[in-house]
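# I would like to see how this sequence folds:
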Amino acid sequence: MLNRIKAGIVAGLAAGLAVAVMVLVYDLAHREPLSTPALLAGTVLGTPVDVEPGLGLVAWVTSVLSAGWAISAYTAAHFAVFAVVGVGAAFVFAGGRIRGNVLTGALYGALAGTAVFYLGLALVAPEFLAVPDWRLVVLTNAVAGVVMVSQLLDHPERADGSLA
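Just a heads-up that it's a prediction; the model follows:
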């Protein structure tokens, strides 16, 4: 059981990293680096967190540094939540009752990850429920689920499609 928990934590952290990278790429594509984590950090912590991408480089770096504590706190919470969701995945896909593959991983991520995201948002800032584009949230969490299942299937203690 301890091995299953460890495997789930690793899988969840890998999925959390995948989501963080996807969000960073999204923000960079919109020329607003770190604006999503700043928005979420400010929402969760109940404090305004400004990252001003339209400023010059020096002013942008200064705004990121001043918002760094909030973004760091949110990032730590982000990875902790993904570790818990990863442990859940380790138990869902253990024992071979539900076969882990790309489809089941995507479904798990889309359902569990999205439910956890919106439940958390509803608890801390219900006024922001409509802010994130739900399609992006579901897609990002589906990719996270695929990453989780991939990590779990590559776990060295795996036997017959399940964790030992």
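# Quick check, residue 108 in contact with residue 92.
Yes - shown here, residue 108 and residue 92 form a contact pair, counting by CB atoms under 8 Å, at 6.4 Å. Where C-beta positions appear, they are placed from N, C-alpha and C, glycine not excepted.
# Tell me which of these two has more neighbours.
Comparing residue 108 with residue 92 by other CB atoms under 10 Å, the one with more neighbours is residue 108, at 24 against 18.
# State the helix or strand in which the closest residue to the more buried one other than its chain neighbours lies.
In space, and not counting its chain neighbours, residue 108 is closest to residue 145: 4.5 Å by CB to CB, 6 or more residues apart in numbering. Residue 145 belongs to helix 134-153 when assigned by DSSP states H and E.
# so what does that helix touch, helix or strand wise?
Where contact means 3 or more CB pairs under 8 Å, 6 or more residues apart in numbering; DSSP states H and E, helix 134-153 is packed against helix 2-29, helix 57-92, helix 102-108, helix 114-124.
# What distance do you get for the residue sitting nearest the centre point of the chain to residue 65?
With distances taken as CA atoms, centre = their mean, residue 16 lies nearest the centre of the chain, 3.9 Å away. Counting by CB to CB, to the nearest Å, the gap from residue 16 to residue 65 is 23 Å.
# How far does the helix holding residue 145 sit from its chain's centre?
9 Å (CA atoms, centre = their mean, to the nearest Å).
# okay, the angle between that helix and helix 114-124?
Relative orientation of helix 134-153 and helix 114-124, computed by axes from the mean of the first three to the mean of the last three CA atoms, to 10 degrees: 120 degrees.
# what does helix 134-153 rub up against?
By CB atoms under 8 Å, 6 or more residues apart in numbering, the surrounding residues in contact with helix 134-153 are 7-8, 10-12, 14-16, 18-19, 22-23, 26, 82, 85-86, 89-90, 93, 100-102, 104-110, 112-114, 117-118, 158, 161, 163.
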